[in-house]
Structure formats: C-alpha cells, structure tokens
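Undergrad: 3D model of this:
(chains A, B, C and D)
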Protein chains: 2
Amino acid sequence: MSDVTVTIYDVAREANVSMATVSRVVNGNPNVKPATRKKVMAVIERLEYRPNAVARGLASKKTTTVGVIIPDISNIFYAELARGIEDIATMYNYTIILSNSDQREEKELKLIENMYGKQVDGIVMMSDSLTPAISTALQRSSVPVVLAGTVDETKKIPSVNIDYLQAAFEAVQTLLTNGHKRIAFVSGPFSSTINRHFKLEGYKKALTEAGLPIDDELIIEADDSYESGLENSKQLLSLTEPPTAIFAGNDELGIGLIHGALDENFSIPNDIEIISFENSKLARMVRPQLSSVVVPLYDIGAVSMRLLTKFMNKETIDETTVVLPHRIEERQSTK
Amino acid sequence: MSDVTVTIYDVAREANVSMATVSRVVNGNPNVKPATRKKVMAVIERLEYRPNAVARGLASKKTTTVGVIIPDISNIFYAELARGIEDIATMYNYTIILSNSDQREEKELKLIENMYGKQVDGIVMMSDSLTPAISTALQRSSVPVVLAGTVDETKKIPSVNIDYLQAAFEAVQTLLTNGHKRIAFVSGPFSSTINRHFKLEGYKKALTEAGLPIDDELIIEADDSYESGLENSKQLLSLTEPPTAIFAGNDELGIGLIHGALDENFSIPNDIEIISFENSKLARMVRPQLSSVVVPLYDIGAVSMRLLTKFMNKETIDETTVVLPHRIEERQSTK
DNA sequence: TTGAAAGCGCTAACAT
DNA sequence: ATGTTAGCGCTTTCAA
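TA: Okay, here's the model as predicted:
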C-alpha cells in the first residue's frame, strides 16, 4: 500500500527535465522531442506517476467533470437517459457527478449550487417540471447547461426532447383510426410539464380534430406506477359508458391498465385497446405486449451530452433546442 | 451572468479579517468570536461567495467525493443499489462519481485508475465477478473500498451482500416442499460469481439433501434477459421429462419463464411452479405474480456506503464482511 | 481569537 | 524544444 504520492516534480527530477516538460508529455503536447518524451514516459512508468486531477483542475480551471441531476436513478425511464449521458461523457473523457433530486425544487437548487462548488464544466439536468427558481438558477449558470428529456417552455435553455405533443397526438390517432369514439387518457401527474402541456394537449387535439368531445371522466391523473394503472383500469371500465381504448402516459401505467382490464375479464385488444408512451423494455414483458410510442431515451441522453460537449468546447451550435424523431411501435395491445 | 469568481480572499478583505478566519467560519470552526462570524457571514452573503471545492480538495487532500463503479446503471438491479448508495452518500455529504464498467475488466481497471486520479476519498465497487487483477488493484488502493452486492471470495475486501447460497437453497427448498422432484435452474451467466458459486451451489445442495439427483439437463446457463427466459422455458418444457418447477436466477428470467410456459399452455402454478431471485418491482408486474427471493438491493447499497463512510472517518469497524438478511416472498407463481 | 505564510500539485504564460 | 515562475483558491501549521 504505497501511500507516498508521486508528483510531477518527482518525475521531473528523475528525468532531468522541468515540470513543464513533464506536463507537456502528460498532456500530449506535440512540442516535445521524441527522445525526451520517451525518457519522461519511462520515469512515469517506473514511478507509477498518476496526475492529480484536482491540482490540474485548480490550475487549469477545467475539471473535465459534468454534473448530472436526475429525479430518480432507480426509475427505468431516467436510468436509460443516464446511460446515454454517461456513455457519451466517457467517450469525450468527461467524468460524471450524479445526484438524485427526487423532483424537489429545494434539493435541485442545492444540487446545482453544490455542483458549481465542485467546479463542474457543465450540467445535464433532468426534471419533470422546471420551476421558475430552477430555471433562473440554470440561466445564471457560468457553465453550460443542457436539459435532457426536460422541457423549458421559455426555450431559453438548450434541451433535447421529442415532440411529445405530436407523439401523443399520433398515439391517440392510431386509436381513432381503429374506430374508437371513447378513448381515455390515464396520465402520470400533471405536475409534470410534459404530461400536462404536451401529452394531454396532444390527446385533446386528436379528439377535437376527429370531432369528438373531451370527456373529463375519461381523463385521469394517476401517478406513474403500475398499481395506479391497475386501479384506474378497473375504475374506468366500471363506468356507465366505459372507454373502448386507453392512452397510457407510460409503460408501467400501460401494463397496470392491461392487467386491470384482464382482471375484469375484458379482452385486449378486442374489447379494449391500449397504447402507452415510453417503450422501455417493459413493453415487451407483458402479455399481450404493449403497443407504445417509442421515446428514444438513450438517444436523448446521448445527444444531450454531445450537445453539452459542444458548448463546453465553445463550438458554434446551430440548434440549441433539439427535437429527436419518435415513432409508434404497434404490438398486441392494439389491433 | 456574473463570471467574476469571488474568492476567500475577497471575503477576507471586505470583512477586514484574514483568509484563515473566513476559512474557519466557512468550515464551522468554533474558534471564532460570534461577532466576527456574523460579520464574515454577512460579507459571504453579500458577495455570494461559494467555496471552491477543487481548491479545498487540493489543500486538504479530501474531496468528499466517492467513486461508484457499476456494471450498468440501466439495469434495474444495479440502479436500485445505486440509489441506496447515493442516498447515504448525500446524507453524509459526499458527492458521487458514477461510471459504468459494462463488466469489462479493462474498463474497470481504467475506471479505478481514473477515480484515484480524481482523488476520490473512497470507492464503492459493483461487479459480477472480481478478476484477480481487479482484486489486486482494489487491495492496493490508498483509499477505502467497499464491494456492494459483489463477492470477494478471498474476503479481503470489505463487502455487503446477502447469503446467496442459503437464499438459493431456501428457494429450491420451497419448491421441494411443494413436492417437486424435477426442478430446473435457469441461471444468468456463470461468469458471475454469485450465479456460479452460490445460486448454483444452493440449488445443488437443496436437491442433494432431498436425495434427488443433479440432472445437467435441468441446469441452464442463460443470459439475464426476458427473451432468454422465454426461449429456455419453451425448451425445458419440451423435454421428454420436463421439470415441474423452475428456479430462476432473476426476475426478468422468471417473467420470461412464466410467459414461455403460458405460451405452451402450461398453467402456473398448477403445472409449473416458478420462483425467482431478486424481487424487483417487476415481480408484481406480471400475471401470475412472481414469487421471489427478496434481495434488499437498496439496503445493500445503503449499507455499503455507510460502511465506506466509517472507513473514510477511520472509525473502528467490527465486521467488514456484512451479510444482510433475506426472505422469500411467495406470490402466485408458487402454490 | 486571529493572522501570516507556506504549501497542495499542477498549468500556462513567458523566456530562452 | 525546454525551463522558469507565477499563480489557481484553499487549508493548516505556527505565532501572536
């Protein structure tokens, strides 16, 4: 357990060069004679010298670290985003600081402050809804910020998303095309911007364009859980005039809805058609398999991080509000 | 976008005290006259001074940052562990650096090196199998390391786990108790220490103690996926002498097994009983619901991090190889 | 209770 | 191509 720290100075001394030269070698600066480089490398090897990133960060004012704020890493939706973020970060030699916010403004604020304190070079933020305070904090940031799968309605902060409204519209249209007149929307919390302002609006738009009325009885604000889908399924189907199709806000809800309908002896997709929004691997892990709007979670994360690297490199950026394509994957819960 | 960095020196000047005093105030050192503290605090507030953690890290040789190496954050099993780790880290004011290893030794080694470079105060490592090289690298570490849900058979590295062998033994015993004579084991990859040395051995032990033969035909090395469960289910059930019960290495496999059996018109649990190992929320999201060994993932993560904080504080530690309790949750896939 | 000053290990002008 | 030298912003003796 060798606990003596070998510094750049030790290497310089042993190699009979200056610290600057060692620094150049370590950082791949071309202005070093090959022979010198070789000599220095040998000493680095021998002494097992490893650069101290903290010292480097202090001197260079770059930490090659980015902060990632995520509502909940144990949520499959965000975990998938995080994976995309991390992969690209690694590719560009950035390290990630990851913190869960539990979607609490106070905690988000604290995390942002903390990350500034740690001198991150940039931040990727995920949140169901950006409060004014958070939005302000982010805009004041001295380092670039990118929102991943998170909407800033003012469009002042760079972000990567899909067109949720259009995607929801298409999902409901799919149901409409199959002849349904009573289509329910079981949503995650409306405290989420995407749920309230996009999925719900897309749903309404599709119905309206089809000349159908908006029936509040068919719009349900649930939480994001399987159990919630289960309960709401049973409740919806016990209505005097039950829906014949349901648009689910996410996969867990969708699966709950399926099982709930099955429990009540409805047949899917014959009696009830269901389409969800997410397309995590869960969609395939249920019988009948769940039709779903494909949200490219990994890609949203990856593209966000890529965009952030561009900002950190001060590259010129054409579009700061990126909209990725989506599609609908029809499986067995729709005809 | 105020980009002027306020330093401890600025605060000192404005407050007419020395940097040392400001440092004391910031770090809650009691040796400061209340009046002075108040004065300094006011200036900190006014200038919006935020300590630079990088400079602090360089000076104090502590970064209050811990490295977390995880095979894959988008895997629900590890995501749950990570959540436990992160929560406790936050509680003790540590920040987390998170990296995915994809279970590749070369990448694991690189990540370990990189984390040392970033001067982490400790490391939480997760891995399906600790290669000798990794084990060596970890034991040489100048900072404490704790393994979370990861077995070091030499017991030289502190770790937090459950008794996987005993848990597997009990799972198979449950099946045995229900009268089964032909019980299959569909496992995740045997490259994983836990699968090969504990779940498999527990399975064998239970059969052997019951006076039953070990039939290689009934031991299947699958991968960890749902699809794999699906395929292997069909294959097992088409055997001349098919099993009447299956022990699944994890929930995804278990669900695949259930659906595969259902597809072949077997009834569960009447024709086939299935019990899995993990008990993620997936176990409840399938019909029939999956009976499973409860692995306290969140707790394993949380306890690992707690243990690490003790090491980092140089507290005396009674037990470095922690074994958490497990239990079996019987649902509808067993009688 | 407070201050002065020496680093922590490295980068980045600036010289040579 | 290489060396010299000032910091980066903070903590931490050591004195007072």
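Undergrad: which residues in the stretch 1-150 of chain A form helices?
TA: Under the criterion DSSP state H, counting those that start in this stretch, the stretch 1-150 of chain A contains helices at A:8-15, A:19-26, A:34-47, A:53-60, A:76-91, A:105-117, A:132-139.
Undergrad: which residues are in contact with A:Leu324?
TA: Residues near A:Leu324 by C-beta atoms under 8 Å, 6 or more residues apart in numbering or on different chains: A:160-162, A:296, A:299-300, A:303. (Each C-beta comes from the backbone N, C-alpha and C, glycine too.)
Undergrad: most neighbours of all the residues you listed, which one?
TA: The residue in those with the most neighbours, by other C-beta atoms under 10 Å in any protein chain shown, is A:Val160 (28 neighbours).
Undergrad: with adjacent residues omitted, what lies nearest to A:Ala283?
TA: A:Leu290 (4.2 Å; C-beta to C-beta, 6 or more residues apart in numbering or on different chains).
Undergrad: wait, isn't the one you found in contact with A:Arg331?
TA: Yes. Judged on C-beta atoms under 8 Å, A:Leu290 makes contact with A:Arg331 at a distance of 5.8 Å.
Undergrad: higher neighbour count, these two?
TA: Neighbour count, other C-beta under 10 Å: between A:Leu290 and A:Arg331, A:Leu290 has more, with 29 against 18.
Undergrad: and the more buried one, how far from DNA strand D?
TA: As judged by C-beta to the nearest atom of the strand, to the nearest Å, A:Leu290 and DNA strand D stand 52 Å apart.
Undergrad: pull the contacting residues for that residue.
TA: With C-beta under 8 Å, 6+ apart, A:Leu290 has these contacts: A:251, A:254-255, A:258, A:274-276, A:282-284, A:331-333.
Undergrad: list the contacts of the spatially most central residue of chain A.
TA: Computing the C-alpha centroid of chain A and ranking residues by C-alpha atoms, centre = their mean puts A:Leu81 first, at 3.7 Å. By C-beta under 8 Å, 6+ apart, the contact set of A:Leu81 is A:70, A:126, A:148-149, A:297-298, A:300-301, A:304.
Undergrad: let's see that with 7 Å instead.
TA: A:126, A:148-149, A:297, A:300-301 (C-beta atoms under 7 Å, 6 or more residues apart in numbering or on different chains).
Undergrad: what about it, distance to A:Lys199?
TA: Distance of A:Leu81 to A:Lys199, computed by C-beta to C-beta, to the nearest Å: 18 Å.
Undergrad: quick revisit: tabulate the helices of the stretch 1-150 of chain A (TSV), appending mean pLDDT and distance to B:Asn265.
TA: Formatted as TSV, the helices of the stretch 1-150 of chain A follow (pLDDT from 0 to 100; distance: least, C-beta to C-beta, whole Å):
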stretch	mean pLDDT	distance to B:Asn265
helix A:8-15	96	70
helix A:19-26	96	66
helix A:34-47	96	65
helix A:53-60	98	60
helix A:76-91	98	31
helix A:105-117	97	51
helix A:132-139	96	54
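Undergrad: out of those helices, deepest packed?
TA: Highest mean neighbour count among the helices of the stretch 1-150 of chain A (mean count of other C-beta atoms under 10 Å in any protein chain shown): helix A:76-91, with a mean of 23.
Undergrad: tell me the angle of that helix relative to helix B:76-91?
TA: For helix A:76-91 against helix B:76-91, the angle by axes from the mean of the first three to the mean of the last three C-alpha atoms, to 10 degrees is 80 degrees.
Undergrad: okay, helix A:76-91 in CSV with CA atoms only?
TA: Listed next in CSV are the C-alpha coordinates belonging to helix A:76-91 (Å, rounded to 0.1, in the frame of the first residue of the first chain):
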residue,chain,number,x,y,z
ILE,A,76,-36.1,3.0,-15.5
PHE,A,77,-37.0,6.0,-17.7
TYR,A,78,-34.3,8.1,-16.2
ALA,A,79,-31.8,5.3,-15.8
GLU,A,80,-31.9,4.8,-19.5
LEU,A,81,-31.3,8.5,-20.1
ALA,A,82,-28.4,8.4,-17.7
ARG,A,83,-26.8,5.6,-19.5
GLY,A,84,-26.9,7.6,-22.7
ILE,A,85,-25.4,10.6,-21.0
GLU,A,86,-22.7,8.6,-19.3
ASP,A,87,-21.6,6.8,-22.5
ILE,A,88,-21.1,9.9,-24.4
ALA,A,89,-19.4,11.6,-21.4
THR,A,90,-16.9,8.7,-21.3
MET,A,91,-16.4,9.0,-25.0
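Undergrad: please enumerate the strands of chain A.
TA: Shown for chain A, the strands assigned by DSSP state E span residues A:65-70, A:95-100, A:122-125, A:145-148, A:159-162, A:183-187, A:219-221, A:245-248, A:273-278, A:291-294, A:321-324, A:327-329.
Undergrad: would you turn those into a markdown table with mean pLDDT?
TA: Output for these, formatted as a markdown table (pLDDT from 0 to 100):
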| stretch | mean pLDDT |
| --- | --- |
| strand A:65-70 | 98 |
| strand A:95-100 | 98 |
| strand A:122-125 | 98 |
| strand A:145-148 | 98 |
| strand A:159-162 | 98 |
| strand A:183-187 | 98 |
| strand A:219-221 | 98 |
| strand A:245-248 | 98 |
| strand A:273-278 | 98 |
| strand A:291-294 | 98 |
| strand A:321-324 | 98 |
| strand A:327-329 | 98 |
